[in-house]
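S.K.: Attaching a predicted model along with its sequence, questions to come.
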Amino acid sequence: LMSQNPKKRISIIVKPTHDCNLACTYCYVDPNAEKGRMDETSLWNMTSKSLQSHDRVNFIWHGGEPLLLPLSFYERAVEFQQKHHDKQVENGFQTNGTLVTDDVLDFCEKYGFDIGFSLDGPREMNDRTRHTKTGGSVFDRILEAIHKAKQRKLGGGAIVVVSKLNKGRLSEIYEFAKSEGINLKLNPLIKAGRTLSMYSDLGLGPQEYGRVMIDLFDVWFYDKPEIKLDPFDDLIAS
């Protein structure tokens, strides 16, 4: 029998800053977005209101780049969460991976945070879209961080943004991820921020996006599933 009071669950994407140390081609953050960092009052209000009205909350620390904030900020977040003893809480970073140090990994182990990354495939593909403000490659740093996170069982999956730049090479990205043992989540390009000025060069229409995803689905469906591939895993589960 279903419970009279089903547990209320929610996933909350928290953006403690819009700042970032990279300059990805298709960034969805508006160049005029609010500057600065979340203060303690906002952190407390967001945490307490979320946990007062839900039994289970998954906080996804996002950005900008969440690891630009010191780990002491996230220790405070955990402290605030722990004041709600009767609630279930999960935490995770969604990061570009360039600031994932051993200290960050130690913190994640201590407090049970997992880490999700962003990576657009093999070096040459990733370098075209995800790079420093001067166009420098961060591929090696990201891949090393992913493997370190995986070794410690702290997640290590990656989001791939699907655009005109990689639409014909999704099966290649899938094979690369399999060879590295990286779970993937494919997201369409978001029409916002820096992307607005170049959406015609990068964005896929619904039919074009559907077509390339169907092609990849056929590759994945008839393959041995060595890695998780979303949204397909989610669709099949449903």
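M.R.: Everything's here; your move. Residues are numbered from 1 along each chain as shown.
S.K.: Now do the phi/psi pair for the residue most central in space within the chain.
M.R.: Nearest to the geometric centre of the chain sits residue 94, at 3.7 Å (CA atoms, centre = their mean). Main-chain torsions, residue 94, degrees, to the nearest 10: phi -110, psi 110.
S.K.: From what I see, it and residue 60 are in contact.
M.R.: Yes. Taking CB atoms under 8 Å as the definition, residue 94 is a contact partner of residue 60 at 5.8 Å. Glycine gets a C-beta too; all of them are placed from N, C-alpha and C.
S.K.: rewinding a little: mind checking pLDDT for the residue nearest to the centre of the chain?
M.R.: On the pLDDT scale, residue 94 is placed at 98.
S.K.: which residues touch stretch 39-59?
M.R.: Stretch 39-59 has contacts (CB atoms under 8 Å, 6 or more residues apart in numbering) with 7-12, 14, 16, 38, 73, 76-77, 80-81, 83-84, 87-92.
S.K.: whoops, stretch 68-77 was the one
M.R.: 16-17, 19-21, 37-38, 40, 43, 47, 59, 61, 91, 99, 103-104, 107, 111, 113.
S.K.: quick one: secondary structure of residue 156?
M.R.: strand (DSSP: H, G, I helix; E, B strand; the rest coil).
S.K.: before we move on, what about residue 144?
M.R.: Residue 144 ends up helix, using three-state DSSP.
S.K.: cool, residue 79 as well?
M.R.: helix.
S.K.: Correct me if wrong: residue 220 contacts residue 174.
M.R.: Yes. Here residue 220 reaches residue 174: they are 6.7 Å apart, a contact under CB under 8 Å.
S.K.: Now do the shared contacts for these two.
M.R.: Common contacts of residue 220 and residue 174 (CB under 8 Å, 6+ apart): residue 229.
S.K.: Find the nearest non-adjacent residue to residue 130, please.
M.R.: With sequence-adjacent residues excluded and distances taken as CB to CB, 6 or more residues apart in numbering, residue 130 is closest to residue 24, at 4.9 Å.
S.K.: Tell me who's in contact with the one you found.
M.R.: 96, 129, 130, 131, 194.
S.K.: For it, give me phi and psi.
M.R.: phi -70, psi 140.
S.K.: what about it, distance to residue 41?
M.R.: 31 Å (CB to CB, to the nearest Å).
S.K.: got the CA positions of the helix or strand in which residue 13 is found in CSV?
M.R.: Residue 13 is located in strand 9-14, with elements delineated by DSSP states H and E. Output of strand 9-14 as CSV, limited to C-alpha atoms (Å, rounded to 0.1, in the frame of the first residue of the first chain):
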residue,chain,number,x,y,z
ARG,A,9,11.9,14.7,-2.7
ILE,A,10,13.6,17.4,-4.7
SER,A,11,16.9,18.0,-6.5
ILE,A,12,18.1,21.6,-6.3
ILE,A,13,20.7,23.1,-8.6
VAL,A,14,22.5,25.6,-6.5
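S.K.: Sketch out the low-pLDDT regions of this protein for me.
M.R.: 1-5 (pLDDT under 70).
S.K.: ranges for the helices of it?
M.R.: 40-53, 71-82, 102-111, 123-129, 139-151, 170-180, 199-202, 206-221, 232-237 (DSSP state H).
S.K.: now residue 164: how far from residue 158?
M.R.: 20 Å.
S.K.: correction: residue 87
M.R.: 29 Å.
S.K.: what do you get for residue 178?
M.R.: 12 Å.
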